[in-house]
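# for reference, the sequence and a predicted model appear below.
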2 protein chains.
Amino acid sequence: MQNFQFYSPTKVYFGKDSVQHVGQAVRSFGGKHILLHYGSDRVLKNGLMDRVVASLNEQGLTHVMLGGVVPNPRVSLVEQGAALVKAEGIDFILAVGGGSVIDSAKGIAMAAVNDCAIWDIYARKAELKAALPTGNVLTLAAAGSETSNGTVLTNEENWAKVGFGHELLRPTFTIMDPEFQFTLPPYQTASGIVDIMVHTFERYFSHSGANELTDRLAEQVLKVTMRYGALCMEQPDNYEARSELLWAGSLSHNDLTGLGRPGDWAVHDLEHELSAKYDVTHGAGLAAIWASWARYVYKNDVMRFARYGVNVFGLPMDFINPENTALEAIRRTEAYFESIQMPTSITALVGRAISDEDKVDMARRASHGDTSTLGNFQVLNQQMMLDIYRMAD
Amino acid sequence: MQNFQFYSPTKVYFGKDSVQHVGQAVRSFGGKHILLHYGSDRVLKNGLMDRVVASLNEQGLTHVMLGGVVPNPRVSLVEQGAALVKAEGIDFILAVGGGSVIDSAKGIAMAAVNDCAIWDIYARKAELKAALPTGNVLTLAAAGSETSNGTVLTNEENWAKVGFGHELLRPTFTIMDPEFQFTLPPYQTASGIVDIMVHTFERYFSHSGANELTDRLAEQVLKVTMRYGALCMEQPDNYEARSELLWAGSLSHNDLTGLGRPGDWAVHDLEHELSAKYDVTHGAGLAAIWASWARYVYKNDVMRFARYGVNVFGLPMDFINPENTALEAIRRTEAYFESIQMPTSITALVGRAISDEDKVDMARRASHGDTSTLGNFQVLNQQMMLDIYRMAD
């Protein structure tokens, strides 16, 4: 087990009607004048925002609203939000939505209090010195941003999609009510399931020797995600299934499932190029390329993939040819993605065949013009990235 | 799944040489003048305290020392510590030791800043209004107090042992170095293993319907604790085994393994009477009575114990008579306790047969003179408590 630090201070309010705690939660973490940040009008129409506002009002808190966050959230809205925060003297950002809204809120929390262009922080050209506190009312089990230290933004000027993580970005609290998820479109539920699975994969498929407790927790998060994810697809208003998936989503990304391991985020980085170029849903993009990555790299640690097959899918171990178990595990994962109507190729993801020039361009961007590599389970250079994009065709 | 709140903000520094972070950690959580609290001289002699002091000095922090914490820590030392804190203007309590030292530190953190006798807080006669921040350098995988909101103290005046929990008591950070555990006496290692297991049992064996992810995490914590606990007994300086046990100890008690369930702490409460009366080690006391409790209550939910047997011990499920699987699971647990030289009866625990009057007295005290019950998996009245003490004879 490698040395690690684990810091997950986000307070979780989980369950039916937990939104009633939002005003008290904001106040307990020091908020007085709030930016209410959201995406689509769904939260305005379904009554959720009314309940949030009522709870804030009850606590004597004031607010300003800023909607319009889109999937793959944009820098321009973050800049607009930061200007609003400064003009209004806002001291707390409350996100009401899924990962995109929470990521955008984290961007605003930084942009409002650092004397630099916000993109310079994401581009590692400027140092993060402070951030306003954020909290969130989560409406989609997927990104894990509700308890993570991470945020991903897209810059419309060059369509670059870049992630950034810092301890100052951990949300102070999250409100998780499974009922908010009953009316999600199936495609969003399915994309969320894949995102949760791949957050766990990116930590699980890495080198560092024995790490039994962490590995076992990761395997259970995967089993629960797949089983209850499938049930959510069949029965969107199944409270228990939504509960399991929602909690698995947070645990998959609050670091618990990767402690003592280095992690390998190559699939996420490869996907970021796909969603930057085609504006596709992140989870669907992950489904389109994960199995190609896995087939490309599994020989670096056949036993790791075999263990995954045995412990997560209950496959019989092939002790003579462990490779058979490893490859069957990858096939099963792909079959699971298909069973929840997720694409398992780039063509299925984008809705048409993409050009080889586009693949070359994505590999070039993902490797920063061949100056950097991705991952460590297998270190990928630009040519290898291109190979994987081509395999995923 | 029941609604829950989860708040585990303690920052974990895990691994070899993690003690080097202690000074910086104290400073980041606002400490300037520190009470260094410890138990036996072991930490003075083995060089650990020197490393702690060096790290504090490096950060320009000053300190005062207070040792002498004993297992089943006493109110009198907490009062002495609080007087020292007030006289010295101390702003942070740093515990260097196991659960007893950390519990004592939490007691001092309360006693120093509330205008009441500290025992009144434990006895629920006075309200906790504030507490100084605490941190800890953990030397024993057992109590879980390093990340929990709980503390247990013993009052020498009437030999009452009482637990108290409050969010203000969560340590700000914990330093966990598996190497600190290499030189532990086997009896302490074994008692720690039982404590970790029973912290998980007390959450796992409770009613609340389906709660799959939490249950699965609890089962893996149990499997890892038993497997690596046994290895620690055989190879006290096995770094990986100590690491697994240490991390399992924290996860068993930071609430993660019980989220969405009510918990049933009857075995802990029954044990507190044993250690108050005979001053025995808490974990050993739990081993002495757990199986008697389990045999007394298992009929309330046979399938729960059968699940435990199948998922933790890999027992074949007896689908015709699930009771056989349930009872075998209890037997296996008892056999495991014996395999690590833990007592499985009160006679073995205390070293002699105890009188029936003592059992009557413990049941009377545990039920507060028959005015209160324990637990909910089966609600236990005074007579039932006495039955269990007699079964555990």
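Structure's in. What do you need? Numbers count the residues shown, from 1 in each chain, chains lettered A, B, ... in the order given.
# got the residues of chain A near chain B?
Within chain A, the residues that sit near chain B (Cβ under 8 Å from any Cβ of the partner chain) are A:1-9, A:11-18, A:210, A:212-214, A:216-217, A:220-221, A:223-224, A:227-228, A:240, A:243-244, A:247-248, A:251, A:256, A:259-260. In short, each C-beta sits where N, CA and C put it, glycine included.
# mind listing which of these are in strands?
In strands, judged by DSSP state E, the following of the residues of chain A next to chain B are found: A:4, A:5, A:6, A:7, A:8, A:9, A:11, A:12, A:13, A:14.
# specify the residue ranges that define each domain of chain A.
Split into domains by automatic domain parsing, chain A comes to A:11-180, A:186-391.
# need the ones you listed in a markdown table (columns: mean pLDDT, mean neighbour count and distance to residue B:180).
Converted to a markdown table, the domains of chain A look like this (pLDDT from 0 to 100; neighbours: other Cβ atoms under 10 Å in any protein chain shown; distance: least, Cβ to Cβ, whole Å):
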| stretch | mean pLDDT | mean neighbour count | distance to residue B:180 |
| --- | --- | --- | --- |
| domain A:11-180 | 95 | 20 | 26 |
| domain A:186-391 | 96 | 20 | 17 |
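# spit out the contact partners of the nearest residue to residue A:135 once chain neighbours are set aside.
Among residues not flanking residue A:135 along the chain, residue A:173 sits closest, at 4.6 Å (Cβ to Cβ, 6 or more residues apart in numbering or on different chains). By Cβ atoms under 8 Å, 6 or more residues apart in numbering or on different chains, the contact list for residue A:173 reads A:10, A:11, A:12, A:13, A:25, A:29, A:135, A:136.
# closest to residue A:142 among those residues?
Closest to residue A:142 out of the contacts of residue A:173 is residue A:136 (12.8 Å), distances taken as Cβ to Cβ.
# ok and the strand or helix carrying that closest one relative to strand A:4-14, angle-wise?
Assigned by DSSP states H and E, residue A:136 belongs to strand A:134-138. Orientation check (axes from the mean of the first three to the mean of the last three Cα atoms, to 10 degrees): strand A:134-138 against strand A:4-14 gives 60 degrees.
# in its sheet, which strands sit next to strand A:134-138, and in what direction?
strand A:92-97 (parallel), strand A:173-176 (parallel) (DSSP bridges).
# tilt between the next helix-or-strand element following it and strand A:134-138?
Using DSSP H and E, the next helix or strand after strand A:134-138 towards the C-terminus is strand A:150-155. Strand A:150-155 and strand A:134-138 are oriented at 90 degrees to each other (the same axes, to 10 degrees).
# which strands and helices sit next to strand A:150-155?
Applying 3 or more Cβ pairs under 8 Å, 6 or more residues apart in numbering or on different chains; DSSP states H and E, one finds that strand A:150-155 makes contact with helix A:75-88, helix A:99-111, helix A:118-122, strand A:160-165, helix A:266-278.
# mind running it again at 7 Å?
helix A:75-88, helix A:99-111, strand A:160-165 (3 or more Cβ pairs under 7 Å, 6 or more residues apart in numbering or on different chains; DSSP states H and E).
# and the shortest one, how far out from the chain middle?
In other words, strand A:160-165. Its chain's C-alpha centre and that of strand A:160-165 lie 12 Å apart, by Cα atoms, centre = their mean, to the nearest Å.
# can you tell me what sits against that strand?
Identification of contacts with strand A:160-165 by Cβ atoms under 7 Å, 6 or more residues apart in numbering or on different chains yields A:72, A:121-123, A:149-154, A:272, A:275-276.
# that strand pairs with which strands, parallel or anti?
Using DSSP bridges, strand A:160-165 pairs in its sheet with strand A:150-155 (antiparallel).
# show me where the stretch 201-350 of chain A has helices.
Assigned helices in the stretch 201-350 of chain A, in chain order: A:212-234, A:239-251, A:266-278, A:282-297, A:302-313, A:322-339, A:346-350 (criterion: DSSP state H, counting those that start in this stretch).
# including distance to residue B:51, could the ones you listed go into JSON lines?
Output for the helices of the stretch 201-350 of chain A, formatted as JSON lines (distance: least, Cβ to Cβ, whole Å):
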{"stretch": "helix A:212-234", "distance to residue B:51": "26"}
{"stretch": "helix A:239-251", "distance to residue B:51": "34"}
{"stretch": "helix A:266-278", "distance to residue B:51": "38"}
{"stretch": "helix A:282-297", "distance to residue B:51": "41"}
{"stretch": "helix A:302-313", "distance to residue B:51": "36"}
{"stretch": "helix A:322-339", "distance to residue B:51": "44"}
{"stretch": "helix A:346-350", "distance to residue B:51": "53"}
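# the ones you listed: which one's closest to residue B:85?
helix A:212-234 (36.4 Å).
# just checking, what packs against the closest one?
On a contact count with 3+ Cβ pairs under 7 Å, 6+ apart, helix A:212-234 meets helix A:186-204, helix A:239-251, helix A:302-313, helix B:212-234, helix B:239-251.
# let me know the outermost residue of chain A.
In chain A, the residue that sits farthest from the middle, by Cα atoms, centre = their mean, is residue A:320; the gap is 37.6 Å.
# quick one, phi/psi of that one?
Dihedral pair for residue A:320: phi -80, psi -50, per degrees, to the nearest 10.
# same deal with residue A:374?
phi -120, psi 140.
# on that earlier part again, closest one to residue B:49 among the strands paired with strand A:134-138?
strand A:173-176 (37.2 Å).
# just to revisit the earlier point, closest one of the contacts of strand A:160-165 to chain B?
Ranked by distance to chain B (Cβ to the nearest Cβ), these are led by residue A:149 at 12.4 Å.
# contacts only, for that closest one.
Going by Cβ under 7 Å, 6+ apart, the list of residues near residue A:149 reads A:165, A:166, A:167, A:169, A:170.
# look up how far residue B:24 lies from it.
Residue A:149 is 19 Å from residue B:24, where distance means Cβ to Cβ, to the nearest Å.
# what of residue A:197?
Residue A:197 is 36 Å from residue B:24, by Cβ to Cβ.
# measure stretch A:376-390 end to end?
End-to-end distance for stretch A:376-390, by Cα to Cα, to the nearest Å: 20 Å.
# outside of that stretch, which residues touch it?
Here stretch A:376-390 has contacts from A:205-207, A:262, A:264, A:266, A:270, A:289, A:292-293, A:296-297, A:300-301, A:359-360, A:362-364, A:366-367, A:370, A:373-374, using Cβ under 7 Å, 6+ apart.
# ditto for stretch A:224-238
A:182, A:184, A:186, A:189-190, A:193, A:196-197, A:241-242, A:244-245, A:248, A:336, A:339-340, B:212-213, B:216.
# just checking, residue A:312 touches residue A:219?
Yes. Residue A:312 lies in contact with residue A:219 (Cβ atoms under 7 Å); the separation is 5.3 Å.
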